[in-house]
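Visitor: Pasting the sequence and the predicted model now:
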Amino acid sequence: MQGAYALTQPLRGLRRLKERYGDAFTVNVPIFGNAVVISGATEIKQLFTSGPELVDNLEVNLGRVLGPRSMFALSGEEHKRQRKLLIPPFHGRRLAAYEKIVEEETARELASWPEGKAFATLPSMMRITLNAILRAVFGAEGAEFAELRELLPPFVTLGSRLAVLPITKKGRYNPWRRFERMRREYDAIVDRLITKARPDGDDVLSMMLQTRYDDGTGLSREEIADQLLTLLTAGHETTATTLAWAVERLRRHSALLAELQAGDGKLLDATILEVQRTRPVIDLTARQVKQDGFRLGRWTLPKGYAVLVSIALIHDDDTVFPHAATFDPHRFAGARPDLYQWIPFGGGTRRCLGAAFATMEMTVVLRTLLRDFTLVPTEEPGERWHSRGVAYAPAKGGRAIVRRRSTGGDS
């Protein structure tokens, strides 16, 4: 029964369990098995700051979809070593170089938007984020770029579903067979791109080829393929989905929308934080207990148990965020959120390494959208949550009605 609930009504189920049992409770569900769900700020901070000898990566993780050398699959020192290598391309001055790419892709996509007619923005956001990450990772466009643009959307959709469904890889007629065929196709494309890559290029692939471990060795082709797949998938769907939620939220808050249309950049930053708080597209981040008798706040946990941090439950907690049910970006005006309480990117040593890139991307897309279009407000009820597998999207795709803003002096 718990498994059926977890698969069909995960968000509602967690909220009901919290109402009944408090901010920590035990479940037994597919994939995770015996798991403790926590949503208290103190225990979440303790979990995120505990060393990998106490809690670390789940044995069953996204590595089965993204590959055994992806960041999601690695643990301990190996994870730390790879993370150190992959952080530089997504921080500091590199981000400024990617801003132009994101703005170009946004302007290209927005040019096709219809005026005065309702449409779902999620497909557009998917195209923007996919094209932007492809250009950031591989540089100039080409035949392989076009092949990946065609392959990745169905590949990501299928992988997202397989990641959360307790389906084994056995059997003749099995969705894993199709997924593995697509993975082979992806590997062949990336192999060609590695062969063509310029060693002095400034795209992510070139930087990965230049990267060296402390012993002087470089990343293997298998490591590069898995890490690139992680960047292309994790950095594509989740960002696009958050952007669709941003459109959905803004259309239902006309006063805020008017302030943003006036060009308030600081309020836009705060709005992105609040969208991620109220509509986190990933609900859980997880660890596994590696040492028997791990003490977590009030609880002592046995080795092998999963600890699931419910992002939605802590974000909905009135003791952490006063009037949490209210969408109010002003709560973040002039203040940065506590990264052990506001956790859409996870936390600790496994916090999403593309968080800065995703934030930059969302800022540029929304800034360009609000500069070029007026979003028409609506009194319709908020869109329901819809599970796409790993991520939660607005059920109607973040529907919008827009009007192009005048660039001249005429009104």
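Guide: Nice, thanks for sending it over. Numbering: from 1, shown residues only.
Visitor: Poorly predicted segments of the protein, please.
Guide: For the chain, applying pLDDT under 70 flags the ranges 5-10, 60-61, 140, 166, 171-172, 407-411.
Visitor: again, only using 50
Guide: Within the chain, the stretches with pLDDT under 50 are 408-411.
Visitor: ok, which stretches of it are strands?
Guide: In the chain, the strands defined using DSSP state E lie at 24-29, 33-38, 55-56, 119-120, 284-289, 294-296, 299-301, 306-310, 373-375, 385-387, 392-394, 399-400, 402-404.
Visitor: Reformat these as a markdown table; add distance to residue 331 and mean neighbour count.
Guide: Backbone N, C-alpha and C define where each C-beta goes, glycine included. Formatted as a markdown table, the strands of the chain follow (distance: least, Cβ to Cβ, whole Å; neighbours: other Cβ atoms under 10 Å):
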| stretch | distance to residue 331 | mean neighbour count |
| --- | --- | --- |
| strand 24-29 | 26 | 16 |
| strand 33-38 | 23 | 19 |
| strand 55-56 | 30 | 22 |
| strand 119-120 | 29 | 16 |
| strand 284-289 | 22 | 22 |
| strand 294-296 | 28 | 18 |
| strand 299-301 | 30 | 15 |
| strand 306-310 | 20 | 24 |
| strand 373-375 | 22 | 18 |
| strand 385-387 | 22 | 16 |
| strand 392-394 | 22 | 24 |
| strand 399-400 | 25 | 21 |
| strand 402-404 | 27 | 15 |
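Visitor: quick one, which of the ones you listed is nearest to residue 12?
Guide: Evaluated over these, closeness to residue 12 peaks at strand 385-387, with 9.1 Å, by Cβ to Cβ.
Visitor: Which elements pack onto that closest one?
Guide: On a contact count with 3 or more Cβ pairs under 8 Å, 6 or more residues apart in numbering; DSSP states H and E, strand 385-387 meets strand 392-394.
Visitor: Make TSV out of the strands of the chain and add distance to residue 318.
Guide: Shown next, in TSV, are the strands of the chain (distance: least, Cβ to Cβ, whole Å):
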stretch	distance to residue 318
strand 24-29	17
strand 33-38	17
strand 55-56	28
strand 119-120	32
strand 284-289	21
strand 294-296	23
strand 299-301	23
strand 306-310	15
strand 373-375	29
strand 385-387	20
strand 392-394	22
strand 399-400	30
strand 402-404	35
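Visitor: distance of the spatially closest residue to residue 354 that is not a sequence neighbour from residue 362?
Guide: Computed as Cβ to Cβ, 6 or more residues apart in numbering, the closest residue to residue 354 that is not its neighbour in sequence is residue 235, at 4.7 Å. Using Cβ to Cβ, to the nearest Å, residue 235 is found at 12 Å from residue 362.
Visitor: residue nearest the centroid of the chain?
Guide: Nearest residue to the geometric centre of the chain (Cα atoms, centre = their mean): residue 238, 3.5 Å.
Visitor: Now for that residue: which residues touch it?
Guide: 281-282, 358, 390-391 (Cβ atoms under 8 Å, 6 or more residues apart in numbering).
Visitor: Check those and tell me the two furthest apart.
Guide: Using Cβ to Cβ, the contacts of residue 238 reach their maximum pairwise distance at 358 and 390, which is 14.8 Å.
Visitor: picking that back up, near the residue nearest to residue 354, how many other residues are there?
Guide: By other Cβ atoms under 10 Å, 24 other residues sit near residue 235.
Visitor: In contact with it: list those residues for me.
Guide: Residue 235 sits in contact with 129, 133, 354, 357-358, where contact means Cβ under 8 Å, 6+ apart.
Visitor: ditto for residue 182
Guide: Contacts for residue 182 (Cβ under 8 Å, 6+ apart) come out as 151, 154-155, 158.
Visitor: Of the residues you listed, select the buried ones using a PyMOL command.
Guide: Buried residues within those, by 16 or more other Cβ atoms under 10 Å, are selected in PyMOL with:
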select buried, resi 155+158
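Visitor: Pick the one among the contacts of residue 182 closest to residue 229.
Guide: Using Cβ to Cβ, these come closest to residue 229 at residue 155, 8.7 Å.
Visitor: Tell me how far the residue nearest to that closest one when sequence neighbours are not counted lies from residue 167.
Guide: Spatial nearest neighbour of residue 155, excluding adjacent residues (Cβ to Cβ, 6+ apart): residue 182 at 4.7 Å. As judged by Cβ to Cβ, residue 182 and residue 167 stand 16 Å apart.
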